[in-house]
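Novice: Pasting a predicted model and its sequence here:
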Amino acid sequence: MANEDMDLRDWFAGRALQGLLSGPSAPKKSRSESPEQYAIRVAEEAYLFADAMLRARDEPKPEGEGG
């Protein structure tokens, strides 16, 4: 991780944000939202993915799966 203040959730969110913004299916800014509102919306989406990754990480692995 790049920063001591960054926890695993932040790191996952950063990776999710990178994925969200890359490619043609990136979230689009609506005409009614400001650039700041758009950035907040997309960042919140990234944290939703990060939270899901953390939950999935804590779930028991299916039988036969290594790790």
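Specialist: Received the coordinates, thanks.
Novice: where exactly do the helices run in the protein?
Specialist: Secondary structure of the chain (DSSP state H): helices at 8-21, 35-58.
Novice: Which of those helices has the highest mean neighbour count?
Specialist: Of the helices of the chain, the one with the most neighbours on average (mean count of other C-beta atoms under 10 Å) is helix 8-21, at a mean of 16. No exception for glycine: its C-beta is placed from N, CA and C like everyone else's.
Novice: What helices and strands are in contact with that helix?
Specialist: helix 35-58 (3 or more C-beta pairs under 8 Å, 6 or more residues apart in numbering; DSSP states H and E).
Novice: Show me what the helix it packs on is packed against.
Specialist: helix 8-21.
Novice: Quick one: work out the angle between the helix it packs on and helix 35-58.
Specialist: Angle, helix 8-21 to helix 35-58, by axes from the mean of the first three to the mean of the last three C-alpha atoms, to 10 degrees: 120 degrees.
Novice: Can you list the neighbours in contact with helix 8-21?
Specialist: 1, 6, 26-27, 42-43, 45-47, 49-51, 53-54 (C-beta atoms under 8 Å, 6 or more residues apart in numbering).
Novice: Please tell me how far stretch 35-44 is from the chain's geometric centre.
Specialist: Here the centre of stretch 35-44 is set off from its chain's centre by 13 Å, with C-alpha atoms, centre = their mean, to the nearest Å.
Novice: and that stretch, what's its mean pLDDT?
Specialist: Summarised as a single mean, pLDDT over stretch 35-44 is 97.
Novice: Against Lys61, how distant is the nearest residue in space to Ala26 that is not next to it in sequence?
Specialist: Nearest non-adjacent residue to Ala26, counting by C-beta to C-beta, 6 or more residues apart in numbering: Leu20, 6.3 Å away. Leu20 sits 26 Å away from Lys61 when distances are taken as C-beta to C-beta, to the nearest Å.
Novice: picking that back up, tell me the least confident of the contacts of helix 8-21?
Specialist: The pLDDT minimum for these sits at Met1, where the score is 53.
Novice: contacting residues around Glu33?
Specialist: Contacts of Glu33 by C-beta under 8 Å, 6+ apart are Arg41.
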